[in-house]
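Visitor: fold the following and give me the result.
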Amino acid sequence: MRYVSTMALGIALALGAVTVAGVEPALAQKKEKEAKAPDFKLSKPVREAVVAAQNAIKAGDTATADAKLAEAKAAATTDDDKYVVGSVMYDSARTQNNTAKQGEAIEAMLASNKVTGAQLSTMYFASGQIAYNNKNMALAEQRLQQAVDAGVSDPNAFALLVEAKNQAGKPADAIAVLEQAIAKQKAAGQAVPNEWYARGISIGYNAKLAPQLEHLTQEWLAAYPTPSNWRDSLITYRDLNKVDPDYELDLMRLMRTAGALKGERDYMDYVQATYLKFPTEANAVIDEGVSSGNIKLTGTANEIKTVVKGKLAADKTATQSAANDIKAGKGSGKLALATGDALYGAGDFAQAADVYKAALAKGDADKNLVNSRLGAALARAGQKDAAKQVFSQITGPRAGLAKYWMVWLDQKA
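Guide: Okay, the predicted model is just below:
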């Protein structure tokens, strides 16, 4: 029994178009400030070669500029020499629109130890960006990490670092960087783009990183609680955690609550999971599927509808009788749990909550299972604070389900 995800797992990380041109304004500002700074002390052979290279650049003589810069680079011994040679190399590379040479020039400036302060993060980002575009992922990862560590403000640096780490086979590190970017964005009071979450989910899903995906999808739903996102998040959680049928039913119930059931497969998987034990619930799901246009009342759907329709009256009577017995102190905790499940399926959430509480008191039913369903019943009954208190007590595998319910509750007035 499976309902199929329609998540587009190949979504690109849309943190902005990233090109080498994106760092040129910052480098241009740096060079403008540099022009106003005191003159660098250059050795004679370097100064002569650099002046010749600059003249050749102005004249559009690329070959001479490259030759003179090669001479200057070979003769450079001091930090001032190395920095100025790298700076002029960058100017020449820009006129040639040669990104590989731009990268070499920036590396030369970085190697001079003359780049400090805010310029350092800009230079690291520029180097990482160029290395990424030239598919030098080792250097890209190194420089982009340095840019982030140095406090770069451009979110594109995080974007490229996420991709560089993922391509380097470090998906967990990639998601950690993405979480860092999300936290930075939130701290700045800015909305986190939907695509950031989608890319992280894609990376985590492909790498089967269940814990990271649980947290990331919950953040995603808190920011973008659309039915489609609810569906993708819960299916991702289900797939990566290999839940049992009871847990899967609870996930489908939350999907229904969030309006996230989509297509005949979702509805019919839900119906087939409930019609034998909870015919009233199955009947309601069929009716919702037909009403929404997701189910045609033919074939299997029609057969099940006929079966459950004939059981509705008896199911209602038996469920209420069992509920009365439980509230009178009769029966076991497991019977109370089953009765609460039937009441929940029938939409009688307040009474289901009372019966689940009785199941807890009797003590012979799984506490986390009962609490997860008690919390759901309280949530559906509109008892938000009580539901959150119950969900906060859940431990073990069902704690993940509780957290998704908490996200849903936080979206309610």
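Visitor: next one: stretch 217-227 to chain centre, how far?
Guide: Taking the mean of its C-alpha atoms, stretch 217-227 sits 10 Å from the chain's own mean (C-alpha atoms, centre = their mean, to the nearest Å).
Visitor: can you tell me how far Trp232 sits from Arg398?
Guide: Slight slip there: residue 232 is Asp, not Trp. Remark: distance between Asp232 and Arg398 (C-beta to C-beta, to the nearest Å) = 21 Å. In this view, the C-beta of every residue, glycine as well, is placed from N, C-alpha and C.
Visitor: actually Glu141, not the one I typed
Guide: Counting by C-beta to C-beta, the gap between Glu141 and Arg398 amounts to 38 Å.
Visitor: again with Ala108
Guide: The gap separating Ala108 from Arg398 is 57 Å, by C-beta to C-beta.
Visitor: what's the neighbour count on Gln145?
Guide: 18 (other C-beta atoms under 10 Å).
Visitor: ok, it - contacts?
Guide: Counting by C-beta atoms under 8 Å, 6 or more residues apart in numbering, Gln145 touches Leu161.
Visitor: quick check: mean pLDDT of the host helix or strand of it?
Guide: Counting by DSSP states H and E, the element that carries Gln145 is helix 137-149. Mean pLDDT, computed over helix 137-149, is 95.
Visitor: for the next helix or strand after that helix, buried residues please.
Guide: Next helix or strand after helix 137-149 toward the C-terminus (DSSP H and E): helix 155-167. Under the neighbour-count criterion of 16 or more other C-beta atoms under 10 Å, helix 155-167 has 155-166 buried.
Visitor: helix 155-167 relative to helix 137-149, how many degrees between them?
Guide: If you take axes from the mean of the first three to the mean of the last three C-alpha atoms, to 10 degrees, helix 155-167 sits at 140 degrees to helix 137-149.
Visitor: and the following helix or strand past helix 155-167, what's buried?
Guide: Next helix or strand after helix 155-167 toward the C-terminus (DSSP H and E): helix 171-187. Under the neighbour-count criterion of 16+ other C-beta under 10 Å, helix 171-187 has 171, 173-175, 177-179, 181-182, 184-185 buried.
Visitor: of those residues, which is the nearest to Trp408?
Guide: Ile182 (20.4 Å; C-beta to C-beta).
Visitor: in the chain, which helix or strand is least confident?
Guide: When the helices and strands of the chain are compared on mean pLDDT, DSSP states H and E, helix 24-36 comes out lowest with a mean of 46.
Visitor: list the contacts of the next helix or strand after it.
Guide: Going down the chain from helix 24-36, the next helix or strand is helix 44-59, by DSSP H and E. Helix 44-59 has contacts (C-beta under 8 Å, 6+ apart) with 42, 62, 64-65, 68-69, 71-72, 75-76, 81, 84-85, 88, 91-92, 95.
Visitor: pull out the buried members of these.
Guide: Neighbour counting over the contacts of helix 44-59 (16+ other C-beta under 10 Å) leaves 42, 65, 68-69, 71-72, 75-76, 81, 84-85, 88, 91-92 as the buried ones.
Visitor: now for the residues you listed, which pair is the farthest apart?
Guide: Pairwise distances among those were taken by C-beta to C-beta; the largest, 18.4 Å, belongs to Ala75 and Asp91.
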